[in-house]
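1. predicted model and sequence below, questions to follow.
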Amino acid sequence: MTELLLKNVRPYGEGEPVDVLVRGTVIAEIGPGLTADDAEVIEGNGQILLPGFVDLHTHLREPGREDTETIETGSAAAALGGYTAVFAMANTSPVADSHVITDHVWRRGQEVGLVDVFPVGAVTVGLKGKQLAEMGTMAAGVGQVRMFSDDGHCVYDPLIMRRALEYANSLGVLIAQHAEEPRLTEGAVAHEGPTAARLGLAGWPRAAEESIVARDALLARDAGARVHICHASTAGTVELVKWAKSQGISITAEVTPHHLLLDDSRLETYDAVNKVNPPLREASDAAALRQALADGIIDCVATDHAPHAEQDKCCEFAVARPGMLGLETALSIIVQTMVAPGLLDWRGVAKVMSEKPAAIVGLDDHGRPIAVGEPANLTLVDPDAEWTVRGAELASISNNTPFEDMTFPAEVTATVLRGRVTAREGKAVGI
Ligand code: NCD
Ligand code: ZN
């Protein structure tokens, strides 16, 4: 059986450094001064050991837009970002609205072997919002789909959403909603507020998101079902999720690193690298989101990693596609926005980037404690490192990072998937 020995690491950043011995796919021993004759050894130098990160929201673009990302390159980006599991959204071409596609995504992810790629199935056929997709066959397929979303589009019809929630409840799967009332965002390209008004950009009001969050909370209540809110972006969404939770409604929510760090002042340059859905909001929204993540009102971080080709980004703001890269910068931005100001400690990082997302979708092997007998899905982080983002150096095929040339704290130095090193010192390690 292969062995991996992590020397001098600090689980959750707590206590004195220990050694962690992995045998096969499982953590076999934890303690000081461990030795193993034939083990691959990683010297941790007191770095922080966390459970492998889980991303509920990525766009890997395969099938259909392999010029912008593939399951292979997206998996490499994920491993380098410290992820051991990612959920690949259904807005591919063709749409992942049948088990043919979702099974392919799962199989291809396993073939690549850098990260577990869990396919997300579409809620409605072709993401058109008219007719429910065959969620049951996708859930029963090889890809074992456990999360469904029309992400990129809102399931806007309340009756379709109601049925989707009821159906998902009976299947034991999760519906993740891209909350955007489409009648309120026709032609919108930026957050509706003073900045967009001054720049002459058509606005996306907060109410377009919040009205759907409120509606879906009520639909979930009545169906006795669970609903998950994708990329929460406003202070009002925080208030609504807080209210819904106080009523015992089964609602969870994610926030992206870019909504925690950036705001609509970025739009001044008209650079479409800052165009994203939902749009970058105001500084007060970002502050409310950071506090909500610290308080547990927002459950977890999700990247919404959305690669786009240069020709779809380096063009007029109004016609550019929305979305930004996220997998390789997520941890550093969480450290900058949450750990550095004292809003989260490292145990908190493990919670919002690994344990909670895994629990929301019911993964058995990810987001587990760092303990003997547990699966060895692990991320090693150097908290003292600093690095400068360069889009061209990221593993993604696309370069659309809004963080170009920005310097961030903390770096993932190793990622381990079921006992196998998948990333080490900035390089993804294939099977
Ligand atoms: C995503 C994409 O490019 O697929 N874009 C985005 O701006 N977030 C879709 C989505 O997550 O809504
Ligand atoms: Zn979305």
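-> Received the coordinates, thanks. Ligands and ions are numbered 1, 2, ... in the order given.

2. low-confidence stretches in the stretch 51-200 of the chain?
-> Along the stretch 51-200 of the chain, segments meeting pLDDT under 70 are nowhere present.

3. what does it put close to ligand 1?
-> Neighbours of ligand 1 within the stretch 51-200 of the chain, by CB under 6 Å from any ligand atom: 59, 91, 151-152, 178. Every C-beta, even on glycine, is put in place using the N, C-alpha and C of the backbone.

4. in CSV, list these along with distance to residue 264.
-> Formatted as CSV, those follow (distance: CB to CB, whole Å):
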residue, distance to residue 264
59, 22
91, 24
151, 22
152, 21
178, 19
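
5. okay, the residues you listed in CSV with secondary structure and neighbour count next?
-> Listed next are these as CSV, based on DSSP: H, G, I helix; E, B strand; the rest coil; neighbours: other CB atoms under 10 Å:
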residue, secondary structure, neighbour count
59, coil, 26
91, coil, 21
151, coil, 26
152, coil, 19
178, coil, 24
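
6. was I right about residue 390 contacting residue 403?
-> No. Between residue 390 and residue 403 there is no contact under CB atoms under 8 Å: 9.6 Å.

7. sorry, back to before: need the max-distance pair from the residues of the stretch 51-200 of the chain next to ligand 1.
-> Greatest spacing in these, by CB to CB: 59 and 178 (11.8 Å).

8. residues contacting whichever residue of the chain sits closest to ligand 2?
-> For the chain and ligand 2, the shortest gap (CB to the ion) falls at residue 178, measuring 3.6 Å. Taking CB atoms under 8 Å, 6 or more residues apart in numbering as the criterion, residue 178 is in contact with 149-154, 230-231, 277.

9. what residues does the protein put near ligand 2?
-> Taking CB under 5 Å from the ion, the part of the chain that reaches ligand 2 is made up of 151, 178.

10. in the longest helix anywhere in the chain, which residues are buried?
-> Using DSSP state H, we find that the single longest helix of the chain is helix 206-223. Neighbour counts over helix 206-223 (16 or more other CB atoms under 10 Å) mark 206, 208-221, 223 as buried.

11. which of these sit farthest apart?
-> Farthest pair in the buried residues of helix 206-223, by CB to CB: 206 and 223, 25.6 Å.

12. closest to the centroid, which residue in this structure?
-> residue 302 (2.6 Å; CA atoms, centre = their mean).

13. hang on, isn't it packed against residue 55?
-> Yes. Shown here, residue 302 and residue 55 form a contact pair, counting by CB under 8 Å, at 5.7 Å.

14. follow-up on the earlier one: who has more neighbours, residue 390 and residue 403?
-> Using other CB atoms under 10 Å as the criterion, residue 390 and residue 403 rank with residue 403 on top: 24 against 12.

15. state the distance from the more buried one to residue 336.
-> Computed as CB to CB, to the nearest Å, the residue 403 to residue 336 distance reads 10 Å.

16. what's the answer for residue 172, then?
-> Taking CB to CB, one finds residue 172 at 37 Å from residue 336.

17. and the two? which has more neighbours close in?
-> residue 336 (19 against 10).

18. domains of the chain?
-> Listed by automatic domain parsing, the domain ranges of the chain are 3-49+374-428, 52-361.

19. surely residue 61 is in a helix?
-> No. Secondary structure assignment (DSSP: H, G, I helix; E, B strand; the rest coil) places residue 61 in coil, not in a helix.

20. give me every residue in the stretch 201-350 of the chain lying close to ligand 1.
-> Residues of the stretch 201-350 of the chain lying near ligand 1 (CB under 6 Å from any ligand atom): 276-277, 304, 306, 322-323.

21. TSV for those residues, including secondary structure, pLDDT and neighbour count?
-> Shown next, in TSV, are those (DSSP: H, G, I helix; E, B strand; the rest coil; pLDDT from 0 to 100; neighbours: other CB atoms under 10 Å):
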residue	secondary structure	pLDDT	neighbour count
276	coil	98	24
277	coil	98	22
304	coil	99	30
306	coil	99	26
322	coil	98	20
323	coil	98	22
